[in-house]
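Undergrad: build me a model:
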Amino acid sequence: MMIKVPQNKKIYFASDQHLGAPTAEASMPREQRFVSWLDEIKTDAAAIFLLGDLFDFWFEYKTVVPKGFVRVLGKLAELKDSGIPIYFFVGNHDLWMRDYFEKELNIPVYHEPQEFVFNTTSLLIGHGDGLGPGDKGYKRMKKVFTFPFFKWLFRWLHPDIGVKLGQYFSVKNKLISGDEDAAFLGEDNEWLVQYCKRKLETKHYDFFIFGHRHLPLEIDLNKQSKYINLGDWIQYFTYGVFEDGNIGLKEYGKP
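TA: Presented below is the predicted three-dimensional model:
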């Protein structure tokens, strides 16, 4: 997809807010901080990319979505209605998202990495879970949780039971959540770095933008290509900014 970025405009990226964890009360300050960031960037945003795990748990029944998150959903609706394009990539915590964002907020939802071109800059963008070598336990679990029959079974649980059960496992079970310990493993052991290098064997991208690792990372893959991980809004409060053909990380609250 091609996006023309006007002069003096920027494209913003953020991921891994995990709103709702470990409790709604505990995550409220993070939600308010994230909403404040959205409110600040609206003046010069050409587009906003949200790269998954906005919610720590999300499941869409036919007529029901999880309670809460009014502030962030209202702000996203306001920005989209004002004409700012917003793109959402599901993460491993909100992989059961269906069409609520598309119908209610007019925000497209992607379940796989997508190619974009900003003016002349090429990018591959996604959440990052289950990519590259390794992480076999999570990959098996993801196949189970995305299998239509199992989603159909879960939908028959009353929402009061289903959402509570999902929230419990999302917080407690790292195998299901797919979370990794947020420590840099070295380039040779970073699965997303290996994934990016393999992609470069067949096609060039100027930037690979992912979340999921909860670590702010900027790694040169070669002289023309860079891998960026957006970090999170739990510990780092980092986000990416595309400006004048380059992308860098910033921390919200710091100049």
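
Undergrad: span of stretch 111-128 from start to end?
TA: End-to-end distance for stretch 111-128, by CA to CA, to the nearest Å: 11 Å.

Undergrad: contacts for that stretch?
TA: Residues outside stretch 111-128 that contact it (CB atoms under 8 Å, 6 or more residues apart in numbering): 1-5, 11, 13, 15, 49, 51-53, 87, 89-92, 95, 110, 131, 192, 196, 199, 204-213, 229, 242, 245. To be clear about C-beta, it is placed using only N, CA and C from the backbone, and glycine gets the same treatment.

Undergrad: likewise for stretch 66-80?
TA: The set of residues external to stretch 66-80 that reach it, using CB under 8 Å, 6+ apart, is 17, 19-20, 24, 31-32, 34-35, 38-39, 42, 45, 48, 54-55, 57-59, 86, 104-107, 163.

Undergrad: in helices, which of the contacts of stretch 111-128 appear?
TA: In helices, judged by DSSP state H, the following of the contacts of stretch 111-128 are found: L192, C196, K199.

Undergrad: ok, the second one - how many residues close by?
TA: Just to be clear, that refers to C196. 24 (other CB atoms under 10 Å).

Undergrad: surely Y100 and V64 touch.
TA: No: using CB atoms under 8 Å, Y100 is not in contact with V64; the gap is 9.8 Å.

Undergrad: re the thing from before, distance to K75 and pLDDT for the ones in helices among the contacts of stretch 111-128 - can I get that in TSV?
TA: Supplementary listing: the ones in helices among the contacts of stretch 111-128 in TSV, determined by distance: CB to CB, whole Å; pLDDT from 0 to 100:
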residue	distance to K75	pLDDT
L192	29	93
C196	32	96
K199	33	97
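
Undergrad: tell me the pLDDT of the residue nearest to A24 when sequence neighbours are not counted.
TA: Excluding the flanking residues, the one nearest A24 by CB to CB, 6 or more residues apart in numbering is G68, at 5.6 Å. What the model reports as pLDDT for G68 is 89.

Undergrad: helices of the stretch 101-250 of the chain, start to end?
TA: With DSSP state H, counting those that start in this stretch as the criterion, the stretch 101-250 of the chain has helices at 136-146, 148-155, 159-172, 174-177, 191-200.

Undergrad: weakest of those helices in terms of mean pLDDT?
TA: Of all the helices of the stretch 101-250 of the chain, the segment with the smallest mean pLDDT is helix 174-177, scoring a mean of 41.

Undergrad: point out where this structure drops to low pLDDT.
TA: Where the chain drops to pLDDT under 70, the residues are 134-147, 149, 151-152, 154, 162-163, 165-182, 254-255.

Undergrad: repeat that for 80
TA: Flagging of the chain using pLDDT under 80 yields the residue ranges 95, 130, 132-185, 254-255.

Undergrad: for it, what spans make up the strands?
TA: 2-3, 10-14, 45-50, 86-89, 109-110, 114-118, 121-125, 207-210, 216-220, 226-230, 238-243, 246-251 (DSSP state E).

Undergrad: closest one to H158 among those?
TA: Closest of the strands of the chain to H158 is strand 109-110, at 25.2 Å (criterion: CB to CB).
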